[in-house]
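>>> Quick one, structure for this:
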Amino acid sequence: MKDRVCVGAIAGAFGVRGEVRLKSFCAQPEAIAAYAPLYTEDGSRSFTVRLGNAIPNGMSARLGGVTTREEAEALRGVRLFADRDKLPSLPDDEFYHADLIGLTVLDTGGTVIGRVSSVQNHGAGDLLEIQRKGKGNALLPFTVAMVPTVDVAAGRIIADPPEGLFE
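As a prediction, the model looks like this:
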């Protein structure tokens, strides 16, 4: 899946004519349509996208091939992926979440802390979920102060967590 990036998800049906409630994960939510066709995670289906109006928690959209409310409702929870080459290039200090997942996290002394298992955002900024061997998972704020170095090419992140965060 490294050649595709998750750009949105279907939250369910909207109306009775096959429209869906679409959640966009893009910095500019309406940009999701420009990245079409969008694919399901397994790549078995692809959709053209025609955006409708903004609605609570997303926007309405028409997906190619979806014509009934039942078809739209059956897609609830499906994550949508765009080809990476259709996405804009990012500045040096920004990253696609997909590029961070799986990176090894080391402290400033070079000791392995764990691996990034997910990137979460609950409204106050991104958090790296770090899977630690035999110690459970921990969350690390994804800020310049806590994560001074991200080297995607080398597959590592250097973290400077506060004392006791990973104890």
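>>> domains of this structure?
Split into domains by automatic domain parsing, the chain comes to 4-86, 97-159.
>>> Any idea which of those gets closest to residue 165?
domain 97-159 (6.9 Å; C-beta to C-beta). For glycine as for every other residue, the C-beta is placed from the backbone atoms N, C-alpha and C.
>>> any low-confidence regions in the chain?
1-2 (pLDDT under 70).
>>> helix or strand right after whichever helix in it runs longest?
Identified as the longest helix of the chain according to DSSP state H is helix 69-74. Scanning forward in sequence from helix 69-74 by DSSP states H and E, the next helix or strand is strand 79-83.
>>> what does that next one rub up against?
With contact meaning C-beta atoms under 8 Å, 6 or more residues apart in numbering, strand 79-83 is reached by 1, 3-10, 22, 32, 35-36, 38-41, 43, 47.
>>> all helices for this protein, in order.
69-74, 97-100.
>>> Same list (those) but as TSV, adding mean neighbour count and distance to residue 132.
Shown next, in TSV, are the helices of the chain (neighbours: other C-beta atoms under 10 Å; distance: least, C-beta to C-beta, whole Å):
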stretch	mean neighbour count	distance to residue 132
helix 69-74	16	38
helix 97-100	17	16
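>>> Dump those to a markdown table, plus distance to residue 129.
Formatted as a markdown table, the helices of the chain follow (distance: least, C-beta to C-beta, whole Å):
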| stretch | distance to residue 129 |
| --- | --- |
| helix 69-74 | 30 |
| helix 97-100 | 10 |
